[in-house]
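Peer 1: starting from these lines, generate the structure:
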Amino acid sequence: MPPQPEMAFTTNHGGRRPGTRGTVLHSTRSGRTTPQAKEEEYELTVRYFQTPGVQASAHRVIGILPGQNAAMVNDYDMAWHAAEDNEFYLGIEFCQPLPSDEYSDWQLEEGALTVAFWAKQFGFAINTDTCPRHSDTTQGKRSGKSDPGAPFPYVDFLNRCREIRDSI
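Peer 2: A predicted model of the protein is given here:
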């Protein structure tokens, strides 16, 4: 069964994407260190993307806690997340207040379900070319991005995405 995100659409996006080659994997990294940071990161990210005039968005925001999954931009439209890759890549933001914060099992599974369903829906393979980390994109390299970072189990995540895609 596909993930059922909360509908939290933003007006901060472009027109229709001409095609879909894959998805770029991001993390939020607000820098918050308060005791509530992990709980608040999701809500703060969703609100930020909904702020009129913000030149940033993603198709999904996946929070740390169960149930935190927001659809921010229609899957067929262009989110503003990776510059020259926006036209052909979906964007998924995993909430991670600090670069050293671990990802929760729930958010990794919800993210894998989302990517697997997108791969099936749009017909793209799941590999390092079609599901790059933000740090691996041209814009990410140019801007010195490091997300989703060392705590993100990249190879295991892609394997799980393929496993789910093959079962649906």
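Peer 1: residues in contact with residue 120?
Peer 2: Contact analysis of residue 120 by CB atoms under 8 Å, 6 or more residues apart in numbering lists 165, 168. Heads up, the C-betas are built off the backbone N, CA and C, glycines and all.
Peer 1: tell me how far the helix or strand of the chain with the lowest mean pLDDT lies from the chain's centre.
Peer 2: Ranked by mean pLDDT, DSSP states H and E, the weakest helix or strand in the chain is strand 6-7, scoring a mean of 90. Chain-centre distance of strand 6-7: 15 Å, with CA atoms, centre = their mean, to the nearest Å.
Peer 1: give me the sheet partners of that strand and which way each runs.
Peer 2: In the sheet, strand 6-7 lines up against strand 69-71 (parallel) (DSSP bridges).
Peer 1: picking that back up, how about residues contacting the least confident helix or strand of the chain?
Peer 2: Outside strand 6-7, the residues touching it (CB under 8 Å, 6+ apart) are 69-71.
Peer 1: try it again with 6 Å
Peer 2: Residues from elsewhere that reach strand 6-7, judged by CB atoms under 6 Å, 6 or more residues apart in numbering: 70-71.
Peer 1: tell me which helix or strand comes right after that strand.
Peer 2: strand 22-27 (DSSP states H and E).
Peer 1: in that following strand, what counts as buried?
Peer 2: Neighbour-count burial for strand 22-27, counted by 16 or more other CB atoms under 10 Å, picks out 22-27.
Peer 1: now do stretch 36-45
Peer 2: For stretch 36-45, the neighbour count (16+ other CB under 10 Å) marks 37-38, 40-42, 45 as buried.
Peer 1: so among those residues, where is pLDDT lowest?
Peer 2: pLDDT is lowest at residue 38 among those; the value there is 82.
Peer 1: so it makes contact with residue 68?
Peer 2: No - with contact defined as CB atoms under 6 Å, residue 38 does not count as touching residue 68 (10.3 Å).
Peer 1: now for residue 44: which residues touch it?
Peer 2: Contacts of residue 44 by CB under 6 Å, 6+ apart: none found.
Peer 1: and it, that's in a strand?
Peer 2: No - read with DSSP: H, G, I helix; E, B strand; the rest coil, residue 44 is helix and lies in no strand.
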